[in-house]
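>>> Build me a structure from this.
(one chain, ligands or ions: 1)
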Amino acid sequence: LSQLFRPLDMLGMVYRTVRQGLLDMAAMFDLIDTDAEVVDLPGAPALAVARGHVRFEDVRFAYDAERPILKGIDIDVPAGSTLAIVGPSGAGKSTIARLLYRFYDLNGGRITIDGQDIAGVQQASLRAAIGIVPQDTVLFNDTIGYNIGYGRAGATDEDIRAAARGAAIDRFIESLPKGYAAEVGERGLKLSGGEKQRVAIARTLLKDPPILILDEATSALDSRTEAEILDTLDAVAARRTTITIAHRLSTIADADQIVVLDAGAVAERGTHAELMARAGLYAEMWTRQAAEHDTEDTLAAE
Ligand code: ATP
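All right, here's what the predicted structure looks like:
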């Protein structure tokens, strides 16, 4: 019977995702590979990733012709380095990630990976090269093992266990009476935000992509869980080209490069130290977030 319901679950998921306004990148990117907007050129070759050097060159994009969202973005992400994109809500941060995944085609400029324009390669090969850890992971109504194994077709039980270990969710799973066979999702066990994120990390470890997009959760995890997840993510990001869409600046101070996006343009770029010394938008955002943290700590202590 569960076989029969799986397509229905998928449909329900598609509906919820669309309703969320494309918020859940995993659902849009990993789980639904049908989109009408973007098509492969005839005879397009597969992307050949050597090291994962990503470049955005004068990237222009609008969802609706009247309202430009990205107005000529230049960003260079050397292979193996980390880029953090920050900026006010609506600045276009998630849009940059969607364009790298070629969810839409550009209105101008180009995006290259190891020198190849992503618009000229097979989409499947592009998407195989990029892993996404989204803000909010959609789980199938199936076992937790299935939900992790989804990261790679043909994953064995041992692969799944190794990925769970890498994402530091193995002990949690082993503590469940049914272990990896425990049902999760709407009709099963409800996982916390942090646990769901670990499932997404485990999936990504199985996929083992050279390029990683991390869409940082806006919903607050408690600070201990957050610190633990960040440690896990650091390990996953090592050796991979990583683009983090960051909402909390405290989590990205170590990034090789921080780009501050404002109204669809790069307002500032540099390391944390360089941007603080500049005393501009980033420094202002940092000071404001630090003050908010202090207030939260004070409230928590009272
Ligand atoms: P946040 O920090 O709030 O997540 P963001 O910087 O990631 O914001 P984007 O999600 O990239 O911002 O959105 C940039 C702009 O594009 C916003 O004004 C948004 O309303 C608009 N937008 C996003 N997705 C679509 C869409 N599918 N159709 C039309 N407009 C969209």
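>>> Tell me where this protein has helices.
With DSSP state H as the criterion, the chain has helices at 2-19, 25-26, 93-100, 123-128, 144-149, 157-166, 170-175, 193-207, 223-237, 272-278, 281-301.
>>> Now tell me which of these the model trusts least on average.
The weakest mean pLDDT among the helices of the chain belongs to helix 25-26, with a mean of 47.
>>> E186: which of the helices of the chain is closest?
helix 2-19 (8.3 Å; Cβ to Cβ). All C-beta atoms are positioned from the backbone trio N, CA, C, and that covers glycine.
>>> mind checking how far D142 is from Y282?
42 Å (Cβ to Cβ, to the nearest Å).
>>> correction: G109
Using Cβ to Cβ, G109 is found at 24 Å from Y282.
>>> Settle it for me: which of those two has more neighbours?
Taking neighbours as other Cβ atoms under 10 Å, G109 and Y282 compare with Y282 leading, 23 against 16.
>>> how about the closest residue to that one other than its chain neighbours, what does it touch?
Of all residues not flanking Y282 in the chain, L275 sits nearest, at 3.9 Å (Cβ to Cβ, 6 or more residues apart in numbering). By Cβ atoms under 8 Å, 6 or more residues apart in numbering, the contact list for L275 reads 258, 260, 268-269, 282-283.
>>> partners of the nearest residue to A265 once chain neighbours are set aside in the sheet?
Spatial nearest neighbour of A265, chain neighbours left out: K71 (5.0 Å); criterion: Cβ to Cβ, 6+ apart. Assessed by DSSP bridges, K71 has beta-bridge partners R60.
>>> Ok, I130 next?
In this entry, I130 is beta-bridged to I211, by DSSP bridges.
>>> Spell out which residues of the stretch 51-200 of the chain are next to the ligand.
Residues of the stretch 51-200 of the chain found near the ligand (Cβ under 6 Å from any ligand atom) are 63, 69, 87, 89-95.
>>> What is the most widely separated pair among those residues?
Taking Cβ to Cβ, the two most distant members of these are Y63 and G87; they sit 17.4 Å apart.
>>> In stretch 50-66, which of the residues would be classed as buried?
52-57, 59, 61-62 (16 or more other Cβ atoms under 10 Å).
>>> can you tell me which of those residues lies nearest to K207?
Nearest member of the buried residues of stretch 50-66 to K207, counting by Cβ to Cβ, is G52, at 13.8 Å.
>>> Run through the residues that contact that closest one.
Taking Cβ under 8 Å, 6+ apart as the criterion, G52 is in contact with 79-80, 113-114, 129, 210-211, 240-241.
>>> Quick check: T287 vs D254, distance?
Computed as Cβ to Cβ, the T287 to D254 distance reads 19 Å.
>>> Let's see the distance spanning stretch 183-198 from one end to the other.
Using Cα to Cα, to the nearest Å, the end-to-end distance of stretch 183-198 comes out at 16 Å.
>>> Which positions in it come out as buried?
So for stretch 183-198, counting by 16+ other Cβ under 10 Å, buried means 183-185, 188, 191, 193-198.
>>> Could you tell me which of the residues of the stretch 51-200 of the chain next to the ligand count as buried?
Neighbour counting by 16+ other Cβ under 10 Å classes 69, 87, 91-95 among these as buried.
>>> does G179 really touch F172, like I thought?
No: using Cβ atoms under 8 Å, G179 is not in contact with F172, being 10.4 Å away.
>>> how near is A279 to I229?
Computed as Cβ to Cβ, the A279 to I229 distance reads 31 Å.
>>> between these two, which one's more packed in?
Neighbour count, other Cβ under 10 Å: between A279 and I229, I229 has more, with 22 against 10.
>>> got a list of what the more buried one touches?
Neighbour list for I229: 194, 197-198, 201, 221 [criterion: Cβ under 8 Å, 6+ apart].
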